[in-house]
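Chemist: 3D model of this:
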Amino acid sequence: MRKLIWRRERTMVPLGALLLATMFAACDQPQAQNKGQQAAPPPAVTTSQPVVSEIVEWDEYTGRFEAVASVEVRARVSGYVDNIAFVDGQAVKKGDLLFVIDPRPFERAVSQAQAELEQARTKAQNTALDVERGRPLLERKVMSEKMFDDRANLQREAESAVKVSEAKVATAELELAFTRITAPIDGRISRASVSLGSWISAGGAANATLLTLIVTQDPIHIYFDISENNYIKYKRLAERGALASNDKGGADVHVSLPDEAAFAHRGKLDFVDNRLDPGTATMRARAILANADQMFSPGMFARVRLAGSPLKSTVLLPDAAIGTDQANKFVLIVAEDGTVSRRNIQLGPLYQGLRVVRSGVEAQDWVVTSGLQRARPGQKVTANREVLRLSEARPSSASGVSISR
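Modeler: Sure, this is the predicted structure:
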């Protein structure tokens, strides 16, 4: 019995030691895994220094073209349309014949007025002779002063009647001239609103028949609305003499049509309204452009830009390098040791594919331009440095050197 018990205890000791060794091995396994995780390399990102260029920041607006002069052609006398002397849509010169109203009633009116004028002149001559004949009779006391004064009064009435008749003749001739309706300005004419034989009415501007419309083509105006903040900015820049203009006109204005990418058309700012619109807090402005090829037409919309700053050294970055949170725009900066830090920035417009950065970034900073989601402020990264160029939305590799810190 003793031998059996001793052997059983002897076999139990190695089993307990084995159990303890297994427990210790299990405790050491997570530590080994943690060591493996700490040994993982930093995430790789692409960094670039901002492009620095001498540029002008432009403010862009939506404008609408309007004719420098626009005239509604209406009838000044009533009558039937006897002739339409133009083709719809053609270019016309000042004085060109457009419409003819049947002139026969007005020619009769002129003849009648002229006849009445002759009658008044004849009467005036007779009364003048009566006065001359009565003057010696008055001196010899053959004619009373009362009778002589009556003859003189008749003469004055006859002379006044002559002036009235002359005015009637002038009116009749003017109305006859109005039967020939001519172009008041140079420009392009619209379609005729009436047909041959139509009755057209004269009268006030609201009641007179509209015959057609003429608008000037060259030059042409474009109107646009400037925000209150930009208006104040322009005033400040003008006070400092920072905005360029010349003696021939106001500030330069650049225009682009909807199907154009570049602002190839240039004009001059020639009008700014005298008050802001209280409803929209905007100021109406106007520029004038040459339109010799008649590319622009009244009513067309176009993009308009004005210089929003003087020529200055500006920092530019691609939009891919810019992050956004609830309140701010920011970029991530990589230091020489690979540590990432965050900078809040203020942005401007696009310029040749890159975004203007007004503040927050210096020219010597290395900014994360690719892999922004893998970088975290306070952590280290492996930075691959590349060079940015204008007209490229993405960086292009300069040396291909990969820097690991």
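Chemist: Which of the three states applies to the nearest residue to residue 328 once chain neighbours are set aside?
Modeler: The shortest distance from residue 328 to any non-neighbouring residue, by C-beta to C-beta, 6 or more residues apart in numbering, is to residue 344 (4.7 Å). Where you see a C-beta, it was placed from the backbone N, CA and C, and this is true even at glycine. Per DSSP: H, G, I helix; E, B strand; the rest coil, the secondary structure class of residue 344 is strand.
Chemist: same thing with residue 160?
Modeler: Assignment for residue 160 (three-state DSSP): helix.
Chemist: same deal with residue 52?
Modeler: Note that with three-state DSSP, the state of residue 52 is strand.
Chemist: surely it meets residue 314?
Modeler: Yes. Residue 52 is within contact range of residue 314, at 7.1 Å (criterion: C-beta atoms under 8 Å).
Chemist: ok, the two, which is more surrounded?
Modeler: Here residue 52 and residue 314 are set side by side on neighbour count (other C-beta atoms under 10 Å), and the busier one is residue 314, at 20 against 14.
Chemist: Am I right that residue 93 is in contact with residue 182?
Modeler: No. No contact is recorded between residue 93 and residue 182 when judged using C-beta under 8 Å, the distance being 9.7 Å.
Chemist: out of the two, which sits in the busier spot?
Modeler: When neighbours are counted by other C-beta under 10 Å, residue 182 comes out ahead of the other of residue 93 and residue 182, with 15 against 10.
Chemist: in what helix or strand does the most centrally placed residue in the chain lie?
Modeler: Central residue check for the chain by C-alpha atoms, centre = their mean: the C-alpha nearest the mean position is that of residue 63, 2.3 Å away. According to DSSP states H and E, residue 63 maps onto strand 58-67.
Chemist: contacting residues for the residue lying closest to residue 300 once chain neighbours are set aside?
Modeler: Nearest non-adjacent residue to residue 300, counting by C-beta to C-beta, 6+ apart: residue 65, 4.7 Å away. Under the criterion of C-beta atoms under 8 Å, 6 or more residues apart in numbering, the neighbours of residue 65 are 220, 221, 222, 296, 297, 298, 299, 300, 301, 302.
Chemist: From the residues you listed, pick the one nearest residue 212.
Modeler: Closest approach between the contacts of residue 65 and residue 212, by C-beta to C-beta: residue 298, at 14.8 Å.
Chemist: any idea how far the residue nearest to that closest one when sequence neighbours are not counted is from residue 102?
Modeler: Distances taken as C-beta to C-beta, 6+ apart put residue 67 closest to residue 298, at 4.5 Å, once the chain neighbours are dropped. Shown here: residue 67 relative to residue 102, a distance of 32 Å by C-beta to C-beta, to the nearest Å.
Chemist: Kindly report the same for residue 123.
Modeler: From residue 123 over to residue 102 the distance is 34 Å, taken as C-beta to C-beta.
Chemist: Neighbour count: those two, which is higher?
Modeler: Legend: neighbour count by other C-beta under 10 Å for residue 123 and residue 102, higher for residue 123 (18 against 15).
Chemist: Would you agree the more buried one falls within a helix?
Modeler: Yes. When the secondary structure is assigned by three-state DSSP, residue 123 falls within a helix.
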